[in-house]
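*Asks:* need a 3D model of the sequence below.
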Amino acid sequence: MYVYALVGPSGSGKSHRALWVAKEHDIEYVIDDGLLIYGNSVIAGRSAKKEPTRVGSVKTAVFTSQDHAFEVSQALKQRNAKSLLILGTSDNMVNQIAKRLGLDGVDKTIYITDISSPYEIQQAINTRRTEGKHVIPVPTLEIKKDFSGFMLDPLNIIRRKGMGSYESMGEKSVVRPTFSYLGKYIISEYTIFQLADHISLKSPFVSRISRFRTETAMGYVKIEIDYVLFYGCNIPELFKQIKKDISEEIEKLTSLNIGSMILTAQSIVVPKK
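*Replies:* Residues are numbered from 1 along each chain as shown. Prediction:
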């Protein structure tokens, strides 16, 4: 296997450039922050960006866990990978990763300063410091199920091929981990209630929510809502539409994944004339 390395300071835009480097050098697989990526899919590993602390993030990124390293190394062997790009903040870091994955070392190192201008690097660092944003070089849809509760934004990468001609490089995801410069954030149950209440009351058949409960487990949010409804509605059809609307709104605004939603018609009231 021919091993490439992309080296640059934290937040300098390595993940942003990873797909471009892989395509330019015909590299099949990418290792970035503990993940093994092939094309637009995560093949193995776990993301350092999911760790609650910066120290934990670094340990995951360099594969200190034997189980983590074994999983990724086995995936590379089973797929008979011919080329690999390892992202790291230093030559020492990428060499450590290669060693822990049982590889013979790095054959070629590319530095972020070779492919990005000083201005681009500084802009990337400023964004990391001021907004706490990190890039994962796979589509948002691919990682969303594993990043519940993280701020997720899709990022389409396009490069110019010639005058008026552009080439799509693929989609990436922007996340804001809990260990970011902005610190931890919490989305309270009351916030979820307010969103559900706002959507529910758009229906002329909903009088009010009489009971609301949420529970977070395994990265998913379970929601239970009891309603007081106005007489005359088709309850199954009404609940089907409300479920759809609430799920879309909560997932769009909070990035939380809805695991289940139980809606109950607690009582029926007659509208006042």
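
*Asks:* okay, CA-based contacts and neighbour counts for the rest of this
*Replies:* Noted.

*Asks:* what's the local residue count around residue 5?
*Replies:* Residues near residue 5, counting by other Cα atoms under 10 Å, number 26.

*Asks:* can you tell me the SS state at the residue nearest to residue 102 when sequence neighbours are not counted?
*Replies:* The shortest distance from residue 102 to any non-neighbouring residue, by Cα to Cα, 6 or more residues apart in numbering, is to residue 73 (7.0 Å). The three-state label given to residue 73 by DSSP: H, G, I helix; E, B strand; the rest coil is helix.

*Asks:* for burial, what's the neighbour tally of residue 73?
*Replies:* Using other Cα under 10 Å as the criterion, the residues surrounding residue 73 number 19.

*Asks:* ok, now residue 55?
*Replies:* Other residues within reach of residue 55 by the criterion other Cα under 10 Å amount to 12.

*Asks:* that's a strand at it, yeah?
*Replies:* No: applying three-state DSSP, one finds residue 55 to be helix, outside a strand.

*Asks:* can you tell me how far it is from residue 44?
*Replies:* 21 Å (Cα to Cα, to the nearest Å).

*Asks:* who's in contact with residue 84?
*Replies:* 1, 2, 3, 4, 27, 28, 29, 30, 31 (Cα atoms under 8 Å, 6 or more residues apart in numbering).

*Asks:* so it versus residue 220, what's the distance?
*Replies:* 33 Å.

*Asks:* can you give me the strands for this protein?
*Replies:* Ranges of strands in the chain, per DSSP state E, are 2-7, 29-32, 35-38, 41-45, 83-88, 108-111, 134-136, 151-162, 165-176, 206-217, 220-230, 257-269.

*Asks:* could you identify which of these has the lowest mean pLDDT?
*Replies:* Set side by side, the strands of the chain give their lowest mean pLDDT on strand 151-162, at a mean of 49.

*Asks:* who does the closest residue to residue 261 other than its chain neighbours form a beta bridge with?
*Replies:* In this structure, residue 261 finds its nearest non-sequential neighbour in residue 223, 4.7 Å apart by Cα to Cα, 6+ apart. Beta-bridge partners for residue 223, by DSSP bridges, are residue 214, residue 261.

*Asks:* I'd assumed residue 213 was in contact with residue 223.
*Replies:* Yes: using Cα atoms under 8 Å, residue 223 is in contact with residue 213, at 5.9 Å.

*Asks:* compare those two (neighbour count), which wins?
*Replies:* Higher neighbour count among residue 223 and residue 213: residue 223, with 21 against 14, using other Cα under 10 Å.

*Asks:* how near is that one to residue 258?
*Replies:* As judged by Cα to Cα, residue 223 and residue 258 stand 8 Å apart.

*Asks:* mind listing the shared neighbours of those two?
*Replies:* Common neighbours of residue 223 and residue 258, counting by Cα under 8 Å, 6+ apart, are absent.

*Asks:* quick one: residue 50 and residue 57 touch, right?
*Replies:* Yes: between residue 50 and residue 57 a contact is recorded at 7.5 Å, counting by Cα under 8 Å.
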